[in-house]
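Trainee: Would you be able to build a 3D model of this:
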Amino acid sequence: NNDFELAVYPTYPVIEAIKQKLYEENALFALMSGSGSTVFGIFEKEKDLSSLESYFRKSYIVHTI
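Mentor: Numbering: from 1, shown residues only. This is a model prediction of the structure:
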């Protein structure tokens, strides 16, 4: 875990919401990187994540690899 997350959540609750959404979509692991410039999820299998991508594109800046 990123120890900085707990300090960031009260000011930027969206960070915690993004992580929760990734876990709801079966991410094995989700984390805020560094001081919060990125939140990422790791999934076991490459699957159709188009609905998840669509969800995030509606509300957030999204970069996919």
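
Trainee: isn't Ile42 right up against Phe29?
Mentor: Yes - look at Ile42 against Phe29 with CB atoms under 8 Å: they come within range, at 4.6 Å. Quick note: C-beta positions are derived from backbone N, CA and C, even for glycine.

Trainee: Any idea how far stretch 35-49 is from the middle of the chain?
Mentor: Distance of stretch 35-49 from the chain centroid (CA atoms, centre = their mean, to the nearest Å) equals 6 Å.

Trainee: pLDDT of it, averaged?
Mentor: The pLDDT scores in stretch 35-49 average 82.

Trainee: now do the same end-to-end measure for it.
Mentor: 26 Å (CA to CA, to the nearest Å).

Trainee: quick one: contacts of that stretch?
Mentor: If you take CB atoms under 8 Å, 6 or more residues apart in numbering as the criterion, stretch 35-49 is touched by 4, 8, 12, 15, 18-19, 22-23, 25-33.

Trainee: before we move on, the earlier item: who's more crowded, Ile42 and Phe29?
Mentor: Neighbours were counted for Ile42 and for Phe29 using other CB atoms under 10 Å; Phe29 has more, 13 against 10.

Trainee: Give me the phi and psi angles of the more buried one.
Mentor: Here is the backbone geometry of Phe29 (degrees, to the nearest 10): phi -160, psi 140.

Trainee: How about Leu49?
Mentor: phi -100, psi 20.
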